[in-house]
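S.K.: Build me a structure from this.
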Amino acid sequence: MTKTQKIIGWTSAVILLPILYGIYYYHQLPTTMAIHFNFQNQADGWAGRNLVVFGIPLMMLVLQWFAVILTRLNATHKGTSPRLERILYGIVPTLNLILYVITIQFNLGNAVDIRRIVMLVIGLVFIAVGNYLPTAPVNSKIGFHARAKLEEQDWFRVTRRLAYILVVGGLLCIGSVFLAPLASLIAIGFVIIGVIVVRLVSLR
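M.R.: From the prediction side, this is the model:
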């Protein structure tokens, strides 16, 4: 069994495992379930029960396969970054597990602060990726790369800037859970704008 097959195997198991949780509560769930929420913790998107319980994990599974295959191809052609790759392999399974459980709990009528939980998870992901992003191979597709190939010195400069934005943005996301919803919006906006600015500068 190849390394790619092993990674796909164990991450797929982690992604599909929560379905058992959904099946356990299946008949207690409403036929139409809330699946999307605004920063005020109010539901603003819905889907059928079968799609939520079974469909969403399957869609996340496809996304994970794509991410793993792309990352492994990049490692083969551009070089490896083991610590960053491990972080990337775990993002989809972790997000799926946490979001699946809190979605089920919310639809069971339990008090779940979606915004705070999601912002905490996103913040930790940003910090983890930012911490290891500078270890990505030069001009790899793991990082936020420019259209044109960058010289090694420029590549490390760009990835360090992106790493700084992700780590600071992650800390802001975590800090926002103790503040009003607007703080979470500002934290996400900081990361989005920061990444766009660095990317535009790198294209010059």
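
S.K.: immediately after the helix or strand of the chain with the lowest mean pLDDT, which helix or strand?
M.R.: The element with the least model confidence among the helices and strands of the chain, by mean pLDDT, DSSP states H and E, is helix 56-78, at a mean of 83. In the C-terminal direction, the helix or strand that comes right after helix 56-78 (DSSP states H and E) is helix 82-107.

S.K.: between that next one and helix 56-78, how many degrees?
M.R.: Note on geometry: by axes from the mean of the first three to the mean of the last three Cα atoms, to 10 degrees, helix 82-107 and helix 56-78 are set 170 degrees apart in direction.

S.K.: average pLDDT for helix 82-107?
M.R.: In this model, helix 82-107 carries a mean pLDDT of 89.

S.K.: domain assignment for this protein?
M.R.: Under automatic domain parsing, the residue ranges defining each domain of the chain are 1-112, 113-204.

S.K.: Quickly compare the ones you listed and say which is most buried.
M.R.: Mean neighbour count, computed with mean count of other Cβ atoms under 10 Å, is highest for domain 113-204 among the domains of the chain, reaching a mean of 17. In short, each C-beta sits where N, CA and C put it, glycine included.

S.K.: Report the distance from that one to the chain centre.
M.R.: Relative to the centre of its chain, domain 113-204 is centred 12 Å away, using Cα atoms, centre = their mean, to the nearest Å.

S.K.: cool, and stretch 87-104?
M.R.: Averaging C-alpha positions (Cα atoms, centre = their mean) puts stretch 87-104 8 Å from its chain's average.

S.K.: For residue 49, which residues are in contact?
M.R.: Residue 49 makes contact with 26, 29-33 under the criterion Cβ atoms under 8 Å, 6 or more residues apart in numbering.

S.K.: Using CSV, please lay out these together with secondary structure.
M.R.: CSV is the format used below for the contacts of residue 49 (DSSP: H, G, I helix; E, B strand; the rest coil):
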residue, secondary structure
26, helix
29, coil
30, coil
31, coil
32, strand
33, strand
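
S.K.: Present the residues you listed as a markdown table; the columns should include distance to residue 47 and pLDDT.
M.R.: Rendered in a markdown table, the data for those read as follows (distance: Cβ to Cβ, whole Å; pLDDT from 0 to 100):
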| residue | distance to residue 47 | pLDDT |
| --- | --- | --- |
| 26 | 15 | 95 |
| 29 | 11 | 94 |
| 30 | 11 | 94 |
| 31 | 10 | 94 |
| 32 | 7 | 94 |
| 33 | 6 | 93 |
